[in-house]
Structures are given as C-alpha cells and as structure tokens.
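Undergrad: The sequence and its predicted three-dimensional model are supplied below.
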Amino acid sequence: MQANEIKETPANAQNRYEVTRADLPLSCPMPGMSLWNSHPRVYLPIEASGEERCPYCGAVYVLKDK
C-alpha cells in the first residue's frame, strides 16, 4: 500500500460491531467503511440503550464503555 492510499473496511462485513464513545456519533456504515456497496448513512442513537441495530443492514452495534 502506498502512502496516499487509504485502507477501508468493507461495509456490512460483520453482523456485530463493538464501539466505544470515541466512535460517537455512531453511524452505519461507520467512517472508514467503503460506501460504494452499502446503504445510505444512518445515525444510530446508541448512547441511551448501549445497543442499536441498523434498520438497513441489520448490523448490531454494542457500546463497550457505557
């Protein structure tokens, strides 16, 4: 990989993601995930519940340091 290339995580590659407060505000797909093969970005209000499911792809996000 060259210095100007960005390594992206494939969007929707997993069904469950653990996130921290550093990842807030939480969106699916998350920054760093490739968007070309995914759904529109949606923000998930994970702060209150500690766990949210994306309405588009069904990925579950769990807040580790609630």
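TA: Nice, I can see it.
Undergrad: Every contact and neighbour count from this point should use C-alpha atoms.
TA: OK.
Undergrad: Now do the SS call for the most centrally placed residue in the chain.
TA: For the chain, the residue nearest the mean C-alpha position is M30 (3.3 Å; Cα atoms, centre = their mean). Applying DSSP: H, G, I helix; E, B strand; the rest coil to M30 yields a three-state assignment of coil.
Undergrad: Quick check: pLDDT value at it.
TA: The per-residue pLDDT reported for M30 equals 90.
Undergrad: Same question for the one 10 residues further on.
TA: On pLDDT, P40 comes in at 91.
Undergrad: which residues sit in contact with it?
TA: P29 (Cα atoms under 8 Å, 6 or more residues apart in numbering).
Undergrad: Use 28 as the first number for this chain going forward.
TA: I'll keep to 28 as the first residue from here, and by that count the last item is P67.
Undergrad: Verify the assumption that it is located in a strand.
TA: No - counting by three-state DSSP, one finds P67 to be coil, located in no strand.
Undergrad: And it, how far from C81?
TA: Plainly put, P67 is 11 Å away from C81 if you go by Cα to Cα, to the nearest Å.
Undergrad: before we move on, what about R43?
TA: 10 Å.
Undergrad: In terms of packing, which of those two has more residues around it?
TA: C81 (17 against 13; other Cα atoms under 10 Å).
Undergrad: if I pick the residue nearest to A86 when sequence neighbours are not counted, what's in contact with it?
TA: Once flanking residues are discounted, A86 sits nearest to N42: 4.6 Å by Cα to Cα, 6 or more residues apart in numbering. Neighbouring residues of N42 by Cα under 8 Å, 6+ apart: 85-87.
Undergrad: per-residue confidence at N42?
TA: Reported pLDDT for N42: 87.
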